[in-house]
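**Student:** Starting from these lines, generate the structure:
(2 chains)
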Amino acid sequence: DSGVTQTPKHLITATGQRVTLRCSPRSGDLSVYWYQQSLDQGLQFLIQYYNGEERAKGNILERFSAQQFPDLHSELNLSSLELGDSALYFCASSETDRRLFGYTFGSGTRLTVV
Amino acid sequence: AQTVTQSQPEMSVQEAETVTLSCTYDTSENNYYLFWYKQPPSRQMILVIRQEAYKQQNATENRFSVNFQKAAKSFSLKISDSQLGDTAMYFCAFMKLNNDMRFGAGTRLTVKP
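**Tutor:** The predicted structure is shown next:
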């Protein structure tokens, strides 16, 4: 157990629907990052939150949004889903003062859009 | 923008032999961090090794070591005495001081018995 909790582990939904992915960071970590990994692809950075505020934004579609709550958990909302949104979505967390230790990743949420 | 390039989509190695995975990156930063992550079939992202750019000494973790060439912006991973459990996707990653980490496309390594 890495300490980063992602729920649900698997999600199957239809095109046009909206889903919410949840992430609880490792205890003490203020930063949360979301990544998308399509089949056999690398990890594409979506968005970063630090202590409740958006810190950096990557290639995140306008149909996607995220937020980080006061208890530091984060949610990634995906709407108007398309077949191409099927992917593994990773959440990672880090402690700002321990950059050398990199990110701690959750086990991912596998989203299948049918 | 920082980019990370892994030029070897797939590699294979015989068990007990040594293999080197390549990674180059592009940045104008002077201080940064570099990482190799392993992603086995379980899809979990596992940190293998890390390197601080201001340290000239190459990092080593048991059978894993890196060859960090800052001027050439190269960060290769050497796996010695390869084991079947090393079979996985390997991702090179670059992180700026503000914690923004970017990944390469990955190298699929297969260790053959």
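**Student:** Any stretches of chain B with poor pLDDT?
**Tutor:** B:1-2, B:99 (pLDDT under 70).
**Student:** Spell out which residues of it are next to chain A.
**Tutor:** With the criterion set to C-beta under 8 Å from any C-beta of the partner chain, chain B comes near chain A through B:33, B:35, B:37, B:43-45, B:47, B:50, B:52, B:91, B:93, B:95, B:97-106. No exception for glycine: its C-beta is placed from N, CA and C like everyone else's.
**Student:** Now that you've got those, can you turn the buried subset into something I can paste into PyMOL?
**Tutor:** The following PyMOL command selects only the buried members of these, with burial defined by 16 or more other C-beta atoms under 10 Å in any protein chain shown:
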select buried, chain B and resi 33+35+37+44+45+47+50+91+93+95+99+100+101+102+103+104+105+106
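**Student:** Counting only strands, which of the residues of chain B next to chain A make the cut?
**Tutor:** B:Tyr33, B:Phe35, B:Tyr37, B:Leu47, B:Arg50, B:Glu52, B:Phe91, B:Ala93, B:Met95, B:Met101, B:Arg102, B:Phe103 (DSSP state E).
**Student:** Dump the residues you listed to CSV, plus distance to A:Cys23.
**Tutor:** As requested, these are exported to CSV (distance: C-beta to C-beta, whole Å):
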residue, distance to A:Cys23
B:Tyr33, 22
B:Phe35, 20
B:Tyr37, 18
B:Leu47, 18
B:Arg50, 22
B:Glu52, 27
B:Phe91, 20
B:Ala93, 19
B:Met95, 19
B:Met101, 16
B:Arg102, 19
B:Phe103, 18
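**Student:** Nothing else from me, thank you.
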